[in-house]
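>>> sequence plus the predicted model coming up.
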Amino acid sequence: MRLLLRWVISALAIFVAVQIVPGLEVDASDSSALVLYALMAVLLGLANAFIRPLLVLLTCPLQMMTLGLFALVTNAVTFWLAGWAARTWLDVPFHVEGFLAALLGSIVVSVVSTLLGLFVRD
């Protein structure tokens with residue numbers, strides 16, 4: 001049940017990011033938008049589970065030199081890779097237009113997920 005709830009929270013956070021951040025585009029009709037955001041939440045979760053730890057390990061010296069601020073860049077790259085994989089491999093109409101859109105999108109998704117997660121009991 002907890003996994004399903006976190007999945008819904010991630011999908012809502014991605015929806016909010018698409019509405020707020022210029023450069024994040026979804027080319028879907030209203031009927032397929034729910035499926036698209038749910039699929040993007042799964043892809044972002046997989047990218048965070050498998051790719052992000054590798055990126056954190058490779059950029060550990062930069063993380064230490066910047067006192068952890070490089071984590072924003074790591075999150076942006078993970079977000080961009082999830083969008084790229086969705087568009088390239090799965091033909092999902094989700095487009096991240098550049099690094100700045102990925103950076104802002106990852107920040108918005110993190111903040112919204114945290115805020116929505118505050119209302120969910122473990």
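Perfect, thanks for sending it. Here the structure is a predicted model, which is why all the values come from computation and not from measurement.

>>> ok, the residue nearest the centre of the chain to residue 64 distance?
Centroid-nearest residue in the chain, with C-alpha atoms, centre = their mean: residue 79, separated by 4.4 Å. Look at residue 79 and residue 64: by C-beta to C-beta, to the nearest Å, they are 23 Å apart. Heads up, the C-betas are built off the backbone N, CA and C, glycines and all.

>>> can you name every helix or strand that the lengthiest helix in the chain contacts?
Criterion DSSP state H: the longest helix present in the chain is helix 30-58. Where contact means 3 or more C-beta pairs under 8 Å, 6 or more residues apart in numbering; DSSP states H and E, helix 30-58 is packed against helix 2-20, strand 24-26, helix 70-88.

>>> centre of the chain to that helix, how far?
The chain centre lies 6 Å from the centre of helix 30-58; the measure is C-alpha atoms, centre = their mean, to the nearest Å.

>>> which residues touch the next helix-or-strand element following it?
Using DSSP states H and E, the helix or strand that follows helix 30-58 in sequence is helix 60-65. Residues from elsewhere that reach helix 60-65 (C-beta atoms under 8 Å, 6 or more residues apart in numbering): 56, 70, 71, 74.

>>> from residue 52, how far off is the last one?
Distance check for residue 74 against residue 52: by C-beta to C-beta, it reads 6 Å.

>>> anything in contact with each of those two?
In contact with both residue 74 and residue 52: no residue, using C-beta under 8 Å, 6+ apart.

>>> most widely separated two among the contacts of helix 60-65?
Using C-beta to C-beta, the pair of the contacts of helix 60-65 lying farthest apart is 56 and 70, separated by 9.2 Å.
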